[in-house]
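*Asks:* The sequence and its predicted three-dimensional model are supplied below.
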Amino acid sequence: MDFIRYAESAASLLNADLADLDDLNAFLESRAWLQRQTTEKDVAHLRHFAADLRPVFVASGDDDVQVVVDGLNELLDRHPVTPMISTHDLGNLHLHVANRAASVSELLVSEALLGLATLVCDLGPSRLGVCAASPCTNVYVDTSPNQSRRYCSDRCSSRANVAAYRARKRIAAVSTPVEPADAPTARESRAL
Ligand SMILES: [Zn+2]
Ligand SMILES: [Zn+2]
């Protein structure tokens, strides 16, 4: 299994607006074989799971290791993962995170939890976070080599850069009131 991809799709799951079955099927756009099995129950289950998982991303962003570990362990306890070796491609035996009896939501929950748990063990517990470009509340997985990610997307990153630039300009304008370049200074006006 590709745990980074699973961890990233856990973040996408939290960022998806899962209001109804159409939303879930849109989320599963690249996995048509799963779209055929989705039910309203999956939507409710995943919405619930996303709400339970969000505090893990928040805690990771705050470097609160214990909350990250306890949060994931508690979710793993509540959603037992049943991995199996898949034989759908005999030349390439690989692990599936759920058995064939699993519902779509159980499968997505298993992928998310196993992906995040492996990421935390392999890359460290502070690789998750919440977008710093308020009011965006999207979450992200930080796989950058120097662990420098702060935004959910390039769009939020450039929005935050523009906002920071405007704020700096405002502060500069307040602290150094600019006179028109050709206005005489007080001393020069006296001399005139
Ligand atoms: Zn497979
Ligand atoms: Zn964002």
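*Replies:* That came in fine, so what should we check first? What you see is a predicted model; the values in this text were computed from it and never measured. Ligands and ions are numbered 1, 2, ... in the order given.
*Asks:* tell me the phi and psi of R127?
*Replies:* phi -90, psi 0 (degrees, to the nearest 10).
*Asks:* if I read this right, it contacts D142, doesn't it?
*Replies:* Yes: between R127 and D142 there is a contact under Cβ atoms under 8 Å: 4.9 Å. Glycine gets a C-beta too; all of them are placed from N, C-alpha and C.
*Asks:* More neighbours: which of the two?
*Replies:* R127 (23 against 19; other Cβ atoms under 10 Å).
*Asks:* list the contacts for the more buried one?
*Replies:* Shown in contact with R127 (Cβ atoms under 8 Å, 6 or more residues apart in numbering): 60, 119-120, 141-143, 147.
*Asks:* Output the residues you listed in JSON lines; the columns should cover distance to ligand 2, secondary structure and pLDDT.
*Replies:* Compiled in JSON lines, these are given as follows (distance: Cβ to the ion, whole Å; DSSP: H, G, I helix; E, B strand; the rest coil; pLDDT from 0 to 100):
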{"residue": "S60", "distance to ligand 2": "16", "secondary structure": "helix", "pLDDT": "97"}
{"residue": "L119", "distance to ligand 2": "20", "secondary structure": "helix", "pLDDT": "96"}
{"residue": "V120", "distance to ligand 2": "22", "secondary structure": "helix", "pLDDT": "97"}
{"residue": "V141", "distance to ligand 2": "13", "secondary structure": "strand", "pLDDT": "97"}
{"residue": "D142", "distance to ligand 2": "13", "secondary structure": "coil", "pLDDT": "97"}
{"residue": "T143", "distance to ligand 2": "17", "secondary structure": "coil", "pLDDT": "94"}
{"residue": "Q147", "distance to ligand 2": "18", "secondary structure": "coil", "pLDDT": "92"}
